[in-house]
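**Student:** prediction below, plus the sequence it came from.
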Amino acid sequence: EPEVTQTPSHQVTQMGQEVILRCVPISNHLYFYWYRQILGQKVEFLVSFYNNEISEKSEIFDDQFSVERPDGSNFTLKIRSTKLEDSAMYFCASRARTAEAFFGQGTRLTVV
Amino acid sequence: GIQVEQSPPDLILQEGANSTLRCNFSDSVNNLQWFHQNPWGQLINLFYIPSGTKQNGRLSATTVATERYSLLYISSSQTTDSGVYFCAVEGNTDKLIFGTGTRLQVFP
């Protein structure tokens, strides 16, 4: 069964460093998303991406964040200068048009 | 934006018991999904159910879109059902809005 894959599963980084989280969405999907979940809290929307551009972003998704689809298969989230409060589980999701969204297994980011 | 509330926040059951989890939302939705977050943090799709009723083994779900709620039924619960259950809805914007979840613990 097709699935969304994320790498790495866990990343530890020093405050102020840049991180890139990677995702391979399901191959025939057109809509891509990043969500995050701070430990013990609910899952929050960060950004949606369609047709090679951002379609919507939340207040959390400030200038420190960026997304890219560098080739036909990968979808990345970059955090330029990490802060302690960026520590969270980051989920990538994808879906076909007006259909069920599927989530990757998540990347647990720890900023120290 | 749409508000999504789930109840109860916590649920403790003995193995074999049945349970009903509820999701209320504040506006009409185009999409509603139920997820199980397992102890490793993975979000597992349970149901894609913007309306109607679906069943999958011991789990079933019903969404009454006109009354803005959805129910997830778990029958004959097992310890592997433990985790957090999230309801997520999509309104007029292209994103899922998650509820705060129901934390389920099933003891043998």
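**Tutor:** Sure thing, it's come through.

**Student:** burial of B:Pro8, as a residue count?
**Tutor:** 13 (other Cβ atoms under 10 Å in any protein chain shown). Glycine gets a C-beta too; all of them are placed from N, C-alpha and C.

**Student:** contacts only, for it.
**Tutor:** B:Leu21, B:Thr102 (Cβ atoms under 8 Å, 6 or more residues apart in numbering or on different chains).

**Student:** what distance do you get for the residue positioned nearest the centre of chain A to chain B?
**Tutor:** The centre of chain A sits closest to A:Trp34, judged by Cα atoms, centre = their mean, with a distance of 3.4 Å. From A:Trp34 across to chain B, the span is 10 Å (Cβ to the nearest Cβ, to the nearest Å).

**Student:** return the residues in contact with the spatially closest residue to that residue that is not a sequence neighbour.
**Tutor:** Nearest residue to A:Trp34 in three dimensions, chain neighbours excluded: A:Leu46, at 4.3 Å (Cβ to Cβ, 6 or more residues apart in numbering or on different chains). By Cβ under 8 Å, 6+ apart, A:Leu46 lies in contact with A:Tyr33, A:Trp34, A:Tyr35, A:Arg36, A:Lys57, A:Ser58, A:Ile60, A:Phe61, A:Phe65, A:Leu77, A:Tyr90.

**Student:** mind checking which of the residues you listed are in strands?
**Tutor:** A:Tyr33, A:Trp34, A:Tyr35, A:Arg36, A:Lys57, A:Phe65, A:Leu77, A:Tyr90 (DSSP state E).

**Student:** just put the residues you listed in JSON lines and tack on pLDDT.
**Tutor:** Converted to JSON lines, the ones in strands among the contacts of A:Leu46 look like this (pLDDT from 0 to 100):
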{"residue": "A:Tyr33", "pLDDT": "97"}
{"residue": "A:Trp34", "pLDDT": "98"}
{"residue": "A:Tyr35", "pLDDT": "98"}
{"residue": "A:Arg36", "pLDDT": "98"}
{"residue": "A:Lys57", "pLDDT": "95"}
{"residue": "A:Phe65", "pLDDT": "97"}
{"residue": "A:Leu77", "pLDDT": "98"}
{"residue": "A:Tyr90", "pLDDT": "98"}
